[in-house]
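Undergrad: kindly generate the corresponding structure for this input.
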Amino acid sequence: MKLTALQLLLWHSALWMVQEAAPLGPTGPLPQSFLLKCLEQMRKVQADGTALQETLVSQCATHQLCHPEELVLLGHALGIPQPPLSSCSSQALQLMGCLRQLHSGLFLYQGLLQALAGISPELAPTLDTLQLDTTDFAINIWQQMEDLGMAPAVPPTQGTMPAFTSAFQRRAGGVLVASNLQSFLELAYRALRHFAKP
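TA: Numbers count the residues shown, from 1 in each chain. Take a look at the predicted model:
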């Protein structure tokens, strides 16, 4: 029952993010090669994130650590940030603003994943792969911004990352970060598909 409640919390979070994405306005196209590369990278990050999330949710259910209410409160208490995607989800959808927010968001998730280091020896390979794939995706977005002449002069900074000081905080934080990343990717996918339309 606890696992089901946790899954409902994660599903509700994703649904809220998808609802935030509608409606999308008209935009100019992006190169098809860029879109295809983004879709491939998204699938990799989503698969990595799902593997991490499923293992952590299973551990939470087994050890009775991650109640949905506790996860929400802990997310606020630890200060786990969620990147804005307002330029990708509003009616006034803008290519430059959306790409910048996508890159900044991926950069933020790189920092959050680094903060989860040491979560467990079992999850270390999955976490490392997720970090690498997220980095590759961020680099791809940055290169496209440079190609379009819209890369900011100063790269984004990650700011202060939450400090996970216990095994419980790392497990619970890992569930939240993985869930938020999946929601972020859903919006990114929707926006990039829209940009790619002729």
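
Undergrad: name the element P162 belongs to?
TA: For P162, there is no host helix or strand (DSSP states H and E).

Undergrad: ramachandran angles for it?
TA: With angles defined as degrees, to the nearest 10, P162 sits at phi -60, psi 150.

Undergrad: what does P155 give?
TA: Backbone torsions for P155, taken as degrees, to the nearest 10, come to phi -60, psi 150.

Undergrad: and the pLDDT at it?
TA: pLDDT, P155: 72.

Undergrad: next: A21.
TA: pLDDT, A21: 39.

Undergrad: from now on call the first residue 36
TA: Done: numbering now begins at 36, and the last item shifts to A56.

Undergrad: my read: L165 touches T85, true?
TA: No. Counting by CB atoms under 8 Å, L165 stays clear of T85, with 9.9 Å between them. In this view, the C-beta of every residue, glycine as well, is placed from N, C-alpha and C.

Undergrad: among these two, which residue is more densely surrounded?
TA: Under the criterion of other CB atoms under 10 Å, the comparison of L165 against T85 puts L165 first, with 27 against 14.

Undergrad: how about that one, what does it touch?
TA: If you count contacts by CB atoms under 8 Å, 6 or more residues apart in numbering, L165 has them with 80, 83-84, 87, 148.

Undergrad: tell me which residues of the helix or strand where it lies are tucked away?
TA: Following DSSP H and E, one finds L165 within helix 159-182. Under the neighbour-count criterion of 16 or more other CB atoms under 10 Å, helix 159-182 has 161-162, 164-166, 168-170, 172-173, 175-177, 179-180 buried.
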